[in-house]
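Peer 1: please find the sequence and the predicted model below.
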There are 2 protein chains.
Amino acid sequence: MGIVERKERQRKEVRDSILEAAWRLVNEEGWQSLSIRKIADAIEYSVPVVYDHFENKEAILFEFNKLGFKLLGEKIKETKEKYSTSAEQLEAIAYTYWDFAFKNQEYYQVMFGLGMPGCDQVKKMPEILNFTQTIEAIIKEIVDANSNTEANTHLKLNTFWSMLHGLVSINLMTSESKEEFNKMILKDFISVFIKGLEK
Amino acid sequence: MGIVERKERQRKEVRDSILEAAWRLVNEEGWQSLSIRKIADAIEYSVPVVYDHFENKEAILFEFNKLGFKLLGEKIKETKEKYSTSAEQLEAIAYTYWDFAFKNQEYYQVMFGLGMPGCDQVKKMPEILNFTQTIEAIIKEIVDANSNTEANTHLKLNTFWSMLHGLVSINLMTSESKEEFNKMILKDFISVFIKGLEK
DNA sequence: TATCTTTGCTAACGCTGTTAGGAAAGCTAA
DNA sequence: TTAGCTTTCCTAACAGCGTTAGCAAAGATA
């Protein structure tokens, strides 16, 4: 008898509908105005039902955090496979990262808005680990190719990600959409960074 | 008769005590848990009195935003005056910026946590304008000295600030205090950036 | 059919930002 | 000094928030 299976299925349906409703609400009104009560209203259940599926509000946000990193990681990987040289890959990845942040602002906000994932957290989240390892591998290739033993790849990854995040997060919040200017900044950053790697 | 003067003085005293109490609360419990009621309690007035001095909670935060930029701007200026060459100045400024962010985390959080100041806002806030102009002037010097007409100083300023902010904001949230590693990243960034300016 | 478990609800607690409306105190002028 | 007016300040409320205790109804099991 598939009673437990059906129950599990139904349970998953409610859980999914919570995430779905939350995502819709976020896109309509932003993270700031998301509330458990609104979610409950949207899924046509009472408030405590939401708490049967998520420990608290933060857990719901965390779900999107993970989802965001998963999505970004996939896009990064796809980009990587389109190019052959490491330098090209790194440059293209920076653009992909940039594009992702601007086209999925809601994701990016919840990925970094709540608090940047610390090194300890990164190791426990496969979604982030997957993302960082892809980039670190490319950086290592460039460094190795230039027999630059000085450059610590881990340090360079941190630099790369930090700067990219800085560029994105600052330009994301500038209301004006001076896209060309932004692209120039990004181009500037990448050329400078890669030069630093090859040194 | 100095009645109106006394009233103004008393009014300012209350206003100052609000900011003072808010600042103390923030340092004790963080921005997240700051509330108007707690402020009112601390200054031994009722809640609406707070609203007589500040339109809303955001206005109080904005006050610290401005204060933070003023403080940072002053430190940047002091740093600049300690060095003679532009490259040295820029490097020292980056360290000062970094130091400010880590030693005044509460300020830095409210300066950037609420939403980065857009270009439109920057122009209306003398505190920020003062800060950006100081740096832009230095960058311009370096660019001019290298007869590098290509480099748009405005663009370079944006790049400089963005990257610095990225480095800081990511490393600020990493709970572990691997200070040496952080300093290496910063050093790496500066050398790479200045090379890009001289090109 | 009786028992037990799961499911989902109402209602509440203790917070939050914000504001309406009234009481009291202080000042001004007759 | 007293009447009127202005400023100051409070109580109390509104509408929202995250979260949880406790109970009713529905479903599964024996």
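Peer 2: Nice, I can see it.

Peer 1: residue closest to the middle of chain A?
Peer 2: Central residue of chain A (Cα atoms, centre = their mean): A:Phe69, 3.5 Å from the mean position.

Peer 1: quick check, that residue in contact with A:Leu129.
Peer 2: No - using Cβ atoms under 8 Å, A:Phe69 is not in contact with A:Leu129; the gap is 9.1 Å. Placement of C-beta: from N, CA and C, glycine included.

Peer 1: after the least confident helix or strand in chain A by mean pLDDT comes which helix or strand?
Peer 2: Sorted by mean pLDDT, DSSP states H and E, the helices and strands of chain A end with helix A:119-124, the least confident at a mean of 56. Counting by DSSP states H and E, the next helix or strand C-terminal to helix A:119-124 is helix A:126-145.

Peer 1: after that next one, which helix or strand is next?
Peer 2: helix A:153-173.

Peer 1: which parts of that next one are buried?
Peer 2: For helix A:153-173, the neighbour count (16 or more other Cβ atoms under 10 Å in any protein chain shown) marks A:153, A:155-173 as buried.

Peer 1: now the helix or strand harbouring A:Ile185 against helix B:153-173, angle please.
Peer 2: Using DSSP H and E, A:Ile185 sits within helix A:179-198. Helix A:179-198 runs at 70 degrees relative to helix B:153-173, counting by axes from the mean of the first three to the mean of the last three Cα atoms, to 10 degrees.

Peer 1: report the angle between helix A:179-198 and helix A:126-145.
Peer 2: 60 degrees.

Peer 1: just checking, what packs against helix A:179-198?
Peer 2: If contacts are counted by 3 or more Cβ pairs under 8 Å, 6 or more residues apart in numbering or on different chains; DSSP states H and E, helix A:179-198 sits against helix A:86-103, helix A:126-145, helix A:153-173, helix B:153-173, helix B:179-198.

Peer 1: can you add mean pLDDT and give these back as JSON lines?
Peer 2: Listed next are these as JSON lines, based on pLDDT from 0 to 100:
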{"stretch": "helix A:86-103", "mean pLDDT": "92"}
{"stretch": "helix A:126-145", "mean pLDDT": "86"}
{"stretch": "helix A:153-173", "mean pLDDT": "83"}
{"stretch": "helix B:153-173", "mean pLDDT": "83"}
{"stretch": "helix B:179-198", "mean pLDDT": "78"}
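
Peer 1: that older thread, now the residue nearest to the centre of chain A: closest residue in space that isn't a chain neighbour?
Peer 2: Nearest residue to A:Phe69, sequence neighbours excluded (Cβ to Cβ, 6 or more residues apart in numbering or on different chains): A:Glu127, at 3.8 Å.

Peer 1: again, but for A:His53
Peer 2: Distances taken as Cβ to Cβ, 6+ apart put A:Arg15 closest to A:His53, at 4.6 Å, once the chain neighbours are dropped.

Peer 1: quick one: which helix or strand includes the one you found?
Peer 2: helix A:3-29.

Peer 1: check which residues of that helix are buried.
Peer 2: Under 16+ other Cβ under 10 Å, the buried positions of helix A:3-29 are A:Arg15, A:Ser17, A:Ile18, A:Leu19, A:Ala21, A:Ala22, A:Trp23, A:Leu25, A:Val26.

Peer 1: tell me which parts of chain A are close to DNA strand D?
Peer 2: Applying Cβ under 7 Å from any atom of the strand, one finds that chain A approaches DNA strand D through A:1, A:3, A:6-7, A:33-38, A:47-48, A:51, A:56-58.

Peer 1: now, of those residues, which are buried?
Peer 2: So, by 16+ other Cβ under 10 Å, the buried ones in the residues of chain A next to DNA strand D are A:Leu34, A:Ile36.

Peer 1: of the residues of chain A next to DNA strand D, closest to DNA strand C?
Peer 2: Using Cβ to the nearest atom of the strand, A:Pro48 is the member of the residues of chain A next to DNA strand D that sits closest to DNA strand C, with 3.5 Å.

Peer 1: now name the helix or strand holding the closest one.
Peer 2: A:Pro48 belongs to helix A:47-53, assigned by DSSP H and E.

Peer 1: re the thing from before, in the helix holding A:Ile185, which residues are buried?
Peer 2: Applying 16+ other Cβ under 10 Å to helix A:179-198 flags A:Phe181, A:Asn182, A:Ile185, A:Leu186, A:Asp188, A:Phe189, A:Ile190, A:Val192, A:Phe193, A:Ile194, A:Gly196, A:Leu197 as buried.

Peer 1: same question, stretch A:68-83
Peer 2: Per 16+ other Cβ under 10 Å, stretch A:68-83 contains these buried residues: A:Gly68, A:Phe69, A:Lys70, A:Leu71, A:Leu72, A:Gly73, A:Lys75, A:Ile76, A:Thr79, A:Lys80.
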